[in-house]
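>>> curious how this folds, go ahead:
(one chain, ligands or ions: 1)
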Amino acid sequence: MNISETLRKIEGSATAQIFAKAKELEQAGRDIIHLEIGQPDFSPPDIVLEATIQAIREKKTTYTVSRGIEDLRKAIANYYHELYNQSLDYKSEVILTSGAKLAIFASVWTVVNPGDNVIVLNPSWVSYGDIVESLNAEARYLGVDLDFNFDADRLQSLTDDRTKALILNSPSNPTGSVVPMTTLKEIARHCEQNDILLISDEIYSDFVYEGKHNSVMEIEGWRDFALIVNGFSKTFSMTGFRLGYVLGKKEWIDQINKVNQLTASCPVNFAQYGAIVALKEIQVMKDFIQDTMKDRRDFTSQLLNGIGLEFIAPKGAMYAWVRVPSDDSAKFASDLLEAEGVALTPGIAFGPDGEGHVRLCFATSKTIIEEGITRIGRFLGS
Ligand SMILES: Cc1ncc(COP(=O)(O)O)c(C=O)c1O
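Alright, predicted model coming up:
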C-alpha cells in the first residue's frame, strides 16, 4: 500500500499509544491507574456548560468565520490587556484554532518551508518534533535543564540560515519547569537577532505553583519575533471543546487563518460561546488550580520521595518528571503497566534527553495518585 514517506516516519503520539494499551488491558478486565494522559480530572465550570448548551439551543451549530467569533476574540484581547496592559487588535492579532495543537501546527507552518529547521527544546512536549517533521522540516534539539538553562554555544551552532522557528513551552510539559525572565529574554534576543520566530506555547500559564509565569508578551517588541499560543484545554479542562488561540502580528495571523480555512474551517461554533463565559470565570479556575493542583503536586512529591525515586517538585504544569532506575523508559513504562496496571508516559517520547525518565500526570484525585505511586513502589520493590 502507498503511504506518504513523511507520515511513515511519524510514529504517532507516545501518550496516545500507552493510553491505547492501557485501555486494551482495561477492556480485558484489568484495573488500570491512568497517570499518563494530560487530561485534568475536574470539569469546566457549570456556567460554561450552560452557556454552551444554550448556544446549541440557539442553533449556534453552523460554521463561524474562520478566525473565530468576534466576541470571543474581543474577550481574549481584553483579558490580555488586563494581564499585561497590552492592546491587541482583536480583528487582526487574535485567532482561534481547533485546539492549541493546531495553533502550534499553524504557527510552524507559517514560517517553515521543506528543508528548513526548527529548534525544539529537549525534553519537551511529544508533538513538537512530529509537527515539524510532518512539514518536511528538521527538528533540532536543544538540551535544557530543569531551570531552562542551556548551552548558548550549542544554540548558536544549531542555528543557520534555514532555522525558521524555536518552540518554547513554559511551564513545561513534561518537566514542570518555569522559564526565568532572564532566560526568556536571552532566547528572545537570539530569535530576534537571527530572524527566528519564537513560538511560545503558554498553555500551562495558569499552572504555576512557585514564582510567576513569564510571558513573551512582557518583552518589549515581542510582536516582531514571537507568536503566543494558549487555549482553553487546561485551565478550564475544556479539552474536548477543541479551542486554542494565537496572538501576534497581523502578517503571521493572516497565514494561520489560511491554515484554519484549509483544515478545520473554523473552531466549533457553540464551544466558542462557552469560552466567552469561561474567560469571565478565569479567576475561579486560577484559585482552584492554586489550591487543588498545588496540593496534588505536594502530595505527589511527598509520595514519590517516599518510594525513593529521584525527583524535583515541578514549579508548574501538571506533571512530575521522574528519574527511573532504567535506561529504557519505554520498557519500564510497558513493564510497569503489565505488572501493576499503572500507565505513565515514557520519557523518551519527549526527546532524546528524556530517556531514563517517566512523566506522571497529577491532575487526578489524591486517591488515584496514592494508589498509583503505591503500586510503582511495589514494582520497584521499595
Ligand atoms: C504543551 C502542550 N501544548 C499544547 C497542547 C495541546 O492542547 P489542545 O488540547 O488545546 O490541543 C498540550 C496538550 O496536552 C500540551 O501539553
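
>>> tell me the residues of the stretch 51-200 of the chain that contact the ligand?
99-101, 125, 169, 173 (Cβ under 6 Å from any ligand atom). Bear in mind the C-beta positions are built from the backbone N, C-alpha and C, glycine included.

>>> now, those that are in strands?
residue 169 (DSSP state E).

>>> which one of the residues of the stretch 51-200 of the chain next to the ligand has the most neighbours?
residue 173 (29 neighbours; other Cβ atoms under 10 Å).

>>> is it true that that one touches residue 204?
Yes. The pair residue 173 and residue 204 qualifies as a contact (Cβ atoms under 8 Å) at a distance of 6.7 Å.

>>> what about residue 344, neighbour count?
Using other Cβ under 10 Å, residue 344 has 28 neighbouring residues.

>>> assign a three-state SS to the nearest residue to it once chain neighbours are set aside, would you?
In this structure, residue 344 finds its nearest non-sequential neighbour in residue 358, 4.3 Å apart by Cβ to Cβ, 6 or more residues apart in numbering. Of the three states, residue 358 takes strand under DSSP: H, G, I helix; E, B strand; the rest coil.

>>> residue contacts, the residue of the stretch 251-382 of the chain found nearest the ligand?
Across the stretch 251-382 of the chain, the shortest distance to the ligand (Cβ to the nearest ligand atom) belongs to residue 317, at 7.8 Å. Contacts for residue 317 (Cβ atoms under 8 Å, 6 or more residues apart in numbering) come out as 171-176, 204, 207.

>>> nearest to the ligand among the residues you listed?
residue 173 (3.9 Å).

>>> could you report the neighbour count for residue 225?
Using other Cβ under 10 Å as the criterion, the residues surrounding residue 225 number 22.

>>> contacts only, for it.
Contacts for residue 225 (Cβ under 8 Å, 6+ apart) come out as 188, 191-192, 195-198.

>>> repeat the analysis, applying 7 Å as the threshold.
Counting by Cβ atoms under 7 Å, 6 or more residues apart in numbering, residue 225 touches 188, 191-192, 197-198.

>>> so where's the stretch 101-250 of the chain shaky on pLDDT?
For the stretch 101-250 of the chain, applying pLDDT under 70 flags no range at all.

>>> that one: strands as residue ranges?
Assigned by DSSP state E, counting those that start in this stretch, the stretch 101-250 of the chain shows strands spanning 117-122, 138-143, 163-169, 197-201, 226-231, 244-247.

>>> just give the nearest non-adjacent residue to residue 22, would you?
In space, and not counting its chain neighbours, residue 22 is closest to residue 343: 4.0 Å by Cβ to Cβ, 6+ apart.

>>> make that residue 380, sorry
residue 307 (6.4 Å).

>>> and that neighbour, how many neighbours?
Using other Cβ under 10 Å, residue 307 is surrounded by 17 other residues.

>>> can you name the residues that contact it?
By Cβ under 7 Å, 6+ apart, the neighbours of residue 307 are 373, 376-377, 380, 382.
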